[in-house]
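In: Fold the following.
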Amino acid sequence: MVEFTAIGISCIGLKGGPELKHNEAFSFQFATDDQAETDRLWNAIVGNGG
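Out: The predicted model follows:
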């Protein structure tokens, strides 16, 4: 497990364990205060090529 900050938001990274091989896939989970903040972050990510 690793803690880091992305776009000013504290995040935690989890390793999938030995049964999951490393690949290019990953997920982000951000706790947001409301739907407007969720939409802003989502649009910033997908608006720049995903």
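
In: Just give the number of residues close to residue 26.
Out: Counted with other CB atoms under 10 Å, residues neighbouring residue 26 total 6. In short, each C-beta sits where N, CA and C put it, glycine included.

In: Surely it is in a strand?
Out: No - when the secondary structure is assigned by DSSP: H, G, I helix; E, B strand; the rest coil, residue 26 falls in coil instead of a strand.

In: and stretch 37-48, what's its mean pLDDT?
Out: Stretch 37-48 shows a mean pLDDT of 88.

In: contacts for it?
Out: Under the contact criterion CB atoms under 8 Å, 6 or more residues apart in numbering, stretch 37-48 has outside partners 7, 28, 30, 32.

In: Quick check: the gap between the third one and residue 18.
Out: Taking CB to CB, to the nearest Å as the measure, residue 30 and residue 18 are separated by 28 Å.

In: and the two? which has more neighbours close in?
Out: residue 30 (14 against 6).

In: My guess is that one contacts residue 9. True?
Out: Yes - here residue 30 reaches residue 9: they are 5.6 Å apart, a contact under CB atoms under 8 Å.

In: re earlier: need the contacts of stretch 37-48 in CSV with distance to residue 48 and secondary structure, can you?
Out: Formatted as CSV, the entries for the contacts of stretch 37-48 read as follows, by distance: CB to CB, whole Å; DSSP: H, G, I helix; E, B strand; the rest coil:
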residue, distance to residue 48, secondary structure
7, 12, coil
28, 14, coil
30, 16, coil
32, 18, coil
